[in-house]
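Peer 1: I would like to see how this sequence folds:
(one chain, ligands or ions: 1)
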Amino acid sequence: MKSFIISFYSGKKTFMKVLFCSPEVTPFAKTGGLADVSAALPSELRNLGIDCLTAMPLYREISDMQLDLHPVEEISFLTANGIEQARIYSFGHILFVENKDYFSRGGMYSYAQQDYPDNLERFAFFSRACVELLFLIGDIDILHCNDWQTALSLAYLKSSSMPQIASVFTIHNLAYQGIFDASQWPSLFLEDSYFSPDYMEFYGRINIMKAGITLADMVNTVSPTYAKEIQTPQFGFGLDGLLRSISHKLTGIINGIDHAVWDPATDPHIAEKYNLHDMSGKTACKIDLQNRFLLEKEISVPLFGIISRLVEQKGIDLILDIIPEMVSMGCQLIILGSGNSRYEEQLRQMAKQYQGSLGITIGFDESLAHAIQAGADFFLMPSRFEPCGLNQMISMHYGTIPIVTPVGGLLDTVIALDEGPYPCGMRIRSSDSKNLLETIRQAFILYTAKDPLIVEMKKNAMKKLFHWSGPAALYNDLYRKLKAF
Ligand code: ADP
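Peer 2: Model (predicted):
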């Protein structure tokens, strides 16, 4: 069976073998940008000649897809619950880890807005299985873990008989650290020495992300600005001191977008395709969007779009504050998202109140996300913090002007009006509703006055490409540095 896995590698002698571990990968399971990254980055790394396999849990939604999965191996290992088993299946370059008790459930991390109480055990199991995969495959140079759900792999690796394998830990969002009550420590089946402030203890509780930060050989996050921000108390979520102390091994690498999936010239989900040289299709996409959401069919009215997790990070409360003013100004707004039930309910109420100007879809809808990116004139991201953000890059490529706060990846990717040559977006001075409304008013005035700046920004934006080749080359450098040690 081992040879079966090895055959997934190219067969020829390559200079690097990587096991990339992630809790979500597009198109199998996705709650946010991590899933997009976990699909596109390994694929781009393979283009660079790196043999990269990806490990992820086999959730019920993936089993329901009826994919032609190939059984590879059954592995068993000792955990706090005794001997536990996982079946490994392969599909292309993905290795799915199956354990029905842990992963065959209604949601990935939660159900009906409630986190599963055994999330620590579930992802400890997955992390442990990833280390078993290293043994099974053999010859791996780099273990690359992503976010807290895989960070325990680094502790299990250090306690294993192969602790010398080099490791990278990527922080996709420091707000989600995987913090659990100390009473759950025995379920990790790790030496007690790891439950100390130097490793995973955090004010008397267990902090799983700390395992990734302290034990990985290199740590990175998903934009250079966010890498700096998380070392400050404002953005550090209590870990800024620790992150400053490891700054010698901390870098920021911006994400890319998958232009095979996100391209208005080829996008099968949009009403009419368009490109930089002929943007007439974008008008058809706007009308289509107005039709779908029963908004007034009026081209001269600026249409703002939002696609987002409905959480405080994304400034959804700021949007809720200013919807009445936006509507009375004459703007149209379409929001696609899910998350906090309070925000969901408020949005539903407002959609009734402002029919014709405000369109809401609560839920996750990949196809609609494409239609909104294509049909909107402006894309709103008033985030309080934004590790990288994919939507602003996608919106630029669709000629939809992003309106963004000066944080994280939004600073690194959007050149806003008055910030330099070739502006392709607009900047909200800070994440509060007054500044948000002010920037929206400026956008409204420019748009309704048919100011040439609008066309200029759209064109500048569409010219921007965010191919994964650039970021993948930087990951390649990181891996090479580690391998050289
Ligand atoms: P985050 O990872 O913080 O949620 P990103 O901007 O990095 O934010 O990535 C979000 C990704 O998830 C984008 O591809 C975006 O289009 C997608 N997305 C978010 N919410 C939805 C939704 N409700 N329906 C469809 N796609 C969504």
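Peer 1: Might you enumerate the residues of the stretch 351-485 of the chain proximal to the ligand?
Peer 2: The interface of the stretch 351-485 of the chain toward the ligand, taken as Cβ under 6 Å from any ligand atom, is made up of Phe364, Asp365, Glu366, Ala369, Cys388, Gly389, Leu390, Asn391. All C-beta spots, glycine's among them, are computed from the backbone N, C-alpha and C.
Peer 1: which among these end up buried?
Peer 2: Applying a neighbour-count criterion of 16 or more other Cβ atoms under 10 Å, the buried members of those are Asp365, Ala369, Cys388, Gly389, Leu390, Asn391.
Peer 1: okay, now Asp51: neighbour count?
Peer 2: Counted with other Cβ atoms under 10 Å, the burial measure for Asp51 works out to 24 neighbours.
Peer 1: ok, what's across the strand from it?
Peer 2: Each beta-bridge partner of Asp51 is listed here, defined by DSSP bridges: Lys17.
Peer 1: That one touches Val18, doesn't it?
Peer 2: Yes. In this structure Asp51 lies within contact range of Val18 using Cβ atoms under 8 Å: 6.9 Å.
Peer 1: who touches the nearest residue to Ser430 once chain neighbours are set aside in this structure?
Peer 2: Nearest residue to Ser430, sequence neighbours excluded (Cβ to Cβ, 6 or more residues apart in numbering): Thr405, at 6.8 Å. Going by Cβ atoms under 8 Å, 6 or more residues apart in numbering, Thr405 touches Gly315, Met381, Pro382, Ser383, Arg384, Glu386, Arg427, Ile428, Ser430, Ser431.
Peer 1: can you tell me how far the first one sits from the ligand?
Peer 2: Taking Cβ to the nearest ligand atom, to the nearest Å as the measure, Gly315 falls 12 Å from the ligand.
Peer 1: Please parse this structure into its domains.
Peer 2: Per the record's domain assignment (automatic domain parsing), the chain is made up of the domains 2-256+469-484, 281-463.
Peer 1: Dump the ones you listed to a markdown table, plus mean pLDDT.
Peer 2: As requested, the domains of the chain are exported to a markdown table (pLDDT from 0 to 100):
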| stretch | mean pLDDT |
| --- | --- |
| domain 2-256+469-484 | 95 |
| domain 281-463 | 97 |
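Peer 1: Which one, of these, ends up nearest to Thr266?
Peer 2: domain 281-463 (11.0 Å; Cβ to Cβ).
Peer 1: start to end distance for the closest one?
Peer 2: Distance across domain 281-463, first residue to last, is 17 Å (Cα to Cα, to the nearest Å).
Peer 1: Pull the distance from it to the chain's centre.
Peer 2: Taking the mean C-alpha point of domain 281-463 and that of its whole chain, the gap between them comes to 19 Å (Cα atoms, centre = their mean, to the nearest Å).
Peer 1: again with stretch 32-40
Peer 2: Computed by Cα atoms, centre = their mean, the chain-centroid distance of stretch 32-40 equals 5 Å.
Peer 1: can you list the residues that contact that stretch?
Peer 2: Outside of stretch 32-40, the residues that reach it under the criterion Cβ under 8 Å, 6+ apart are 20, 22-27, 29-30, 54, 56, 146-147, 172-173, 222, 255-258, 309, 388-390, 468.
Peer 1: now these: which count as buried?
Peer 2: With neighbours counted by 16+ other Cβ under 10 Å, the contacts of stretch 32-40 contain buried members at 20, 22-26, 29-30, 54, 56, 146-147, 172-173, 222, 255-258, 309, 388-390, 468.
Peer 1: For Leu320, see how far away Ile360 is.
Peer 2: Distance, Ile360 to Leu320, using Cβ to Cβ, to the nearest Å: 11 Å.
Peer 1: Can you name the two of the residues of the stretch 351-485 of the chain next to the ligand that sit furthest apart?
Peer 2: It's Asp365 and Cys388 that sit farthest apart of those, by Cβ to Cβ, at 22.0 Å.
Peer 1: The ligand contacts on this protein?
Peer 2: Residues of the chain found near the ligand, taking Cβ under 6 Å from any ligand atom as the criterion, are 32-33, 36, 307-309, 336-338, 364-366, 369, 388-391.
Peer 1: 5 Å - rerun?
Peer 2: Contacts of the chain with the ligand, taken as Cβ under 5 Å from any ligand atom, map to Gly32, Gly33, Ile307, Arg309, Leu336, Gly337, Phe364, Asp365, Ala369, Gly389, Leu390, Asn391.
Peer 1: To what extent is the first one buried, counted in neighbours?
Peer 2: Other residues lying near Gly32 total 16 when counted by other Cβ under 10 Å.
Peer 1: How about the third one?
Peer 2: If you count neighbours by other Cβ under 10 Å, Ile307 ends up with 26.
Peer 1: how about Ser383, what does it touch?
Peer 2: For Ser383, the contact set (Cβ under 8 Å, 6+ apart) comprises Gln313, Lys314, Gly315, Gly389, Val404, Thr405, Val407, Gly408, Leu410, Ser431.
Peer 1: how about a cut-off of 6 Å?
Peer 2: Shown here is Ser383, whose contacts under the criterion Cβ atoms under 6 Å, 6 or more residues apart in numbering are Lys314, Gly315, Thr405.
Peer 1: want to throw the residues you listed into TSV with distance to Gln346 and secondary structure?
Peer 2: Supplementary listing: the contacts of Ser383 in TSV, determined by distance: Cβ to Cβ, whole Å; DSSP: H, G, I helix; E, B strand; the rest coil:
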residue	distance to Gln346	secondary structure
Lys314	14	helix
Gly315	14	coil
Thr405	21	coil
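Peer 1: And the residue lying closest to Pro233 once chain neighbours are set aside, how far from Ala227?
Peer 2: The shortest distance from Pro233 to any residue that is not its chain neighbour, by Cβ to Cβ, 6+ apart, is 5.3 Å, and that residue is Asp240. Distance, Asp240 to Ala227, by Cβ to Cβ: 12 Å.
Peer 1: Any idea how many residues pack against the closest residue to Glu312 other than its chain neighbours?
Peer 2: In space, not counting the residues next to it along the chain, Glu312 is nearest to Arg384; the distance is 6.9 Å by Cβ to Cβ, 6+ apart. For Arg384, the number of neighbouring residues by other Cβ under 10 Å comes to 20.
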